[in-house]
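Student: Mind folding the following:
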Amino acid sequence: MQALIDHARSFHHHAAERREEFSRLADGQRPQALFITCSDSRVIPSMITGARPGELFELRTAGQSVPPYRALRPSGEAATIEYAVQVLGIRDIVVCGHSHCGAVRARIDGTPLGHAPAVRDWLRRAVQPGLPDRGDPHLAEAVQRHVLTQLDKLRRYPCIRARAGNGELRLHGWFYDLPTGRVLAHQPRPDSFLPL
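Tutor: Down below sits the predicted model:
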């Protein structure tokens, strides 16, 4: 933790060197995409995409899970999605799953999480059991299927349905492989994840 504190203490020196860039950021944000991914500390959206500050609006949840849209029971995730689409006017949403995903692994394995009831209940509600683990240590197939499930849930959000229907918004499913750094994107034909 001390290294993080030390960097935060000296960060203003780096910001001073990039005063013009940081000054533009203070004027407001115009992100290119909403990037929905896992809270896993090994998944760093700006590193994967090369995004600079202000280029990605991020939503991070356990297992890159999107809750179903419920008008009478808004969630922080739904508010983030709606803000990105309705207020910021983003034109692309990426749902990015990753190899070695603990949330999907726990759901497939039926890992008992009695000591973490919020995690247990979130995973039960948000992560579909998916495919059985056929010995794949990376869980690639199950995570990719989970990404597609999240895209289906997003398509049911009224703000997304309206904008995607008229071509103003595009949805993308990605899979990030931790050990190789390779990114795959879902292609409707042939309905598989292929190198980006």
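Student: does S39 really touch R60, like I thought?
Tutor: Yes - contact status for S39 versus R60: in contact at 4.6 Å, counting by C-beta atoms under 8 Å. In this view, the C-beta of every residue, glycine as well, is placed from N, C-alpha and C.
Student: hey, which helix or strand in the protein has the poorest pLDDT?
Tutor: helix 117-126 (a mean of 72; mean pLDDT, DSSP states H and E).
Student: Give the buried residues for the next helix or strand after that helix.
Tutor: Next in sequence after helix 117-126, counting helices and strands by DSSP states H and E, comes helix 140-155. For helix 140-155, burial by neighbour count (16 or more other C-beta atoms under 10 Å) applies to 140-151, 153-154.
Student: do stretch 24-35 as well
Tutor: Applying a neighbour-count criterion of 16+ other C-beta under 10 Å, one finds P31, A33, L34, F35 buried in stretch 24-35.
Student: Kindly report the same for stretch 34-43.
Tutor: Neighbour-count burial for stretch 34-43 [16+ other C-beta under 10 Å]: L34, F35, I36, T37, C38, D40, V43.
Student: now the helices: where do they sit in this structure?
Tutor: 2-17, 19-26, 45-49, 76-82, 102-109, 117-126, 140-155, 158-165 (DSSP state H).
Student: And the fourth one, what does it pack against?
Tutor: Looking back up the chat, that one is helix 76-82. Here helix 76-82 touches strand 33-38, strand 56-61, helix 158-165, going by 3 or more C-beta pairs under 8 Å, 6 or more residues apart in numbering; DSSP states H and E.
Student: just those: most buried one?
Tutor: Stretch with highest mean neighbour count among the helices and strands packed on helix 76-82: strand 33-38 (a mean of 24; mean count of other C-beta atoms under 10 Å).
Student: Could I have the CA atoms of it written out in CSV?
Tutor: Listed next in CSV are the C-alpha coordinates belonging to strand 33-38 (Å, rounded to 0.1, in the frame of the first residue of the first chain):
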residue,chain,number,x,y,z
ALA,A,33,-17.1,3.9,-25.2
LEU,A,34,-18.6,2.4,-22.0
PHE,A,35,-16.3,-0.5,-21.0
ILE,A,36,-18.0,-3.0,-18.8
THR,A,37,-15.6,-5.5,-17.3
CYS,A,38,-14.7,-7.4,-14.2
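Student: Pull up the pairing partners for it, direction included.
Tutor: Its sheet considered, strand 33-38 pairs with strand 56-61 (parallel), strand 92-98 (parallel) by DSSP bridges.
Student: Alright, that wraps it up for me.
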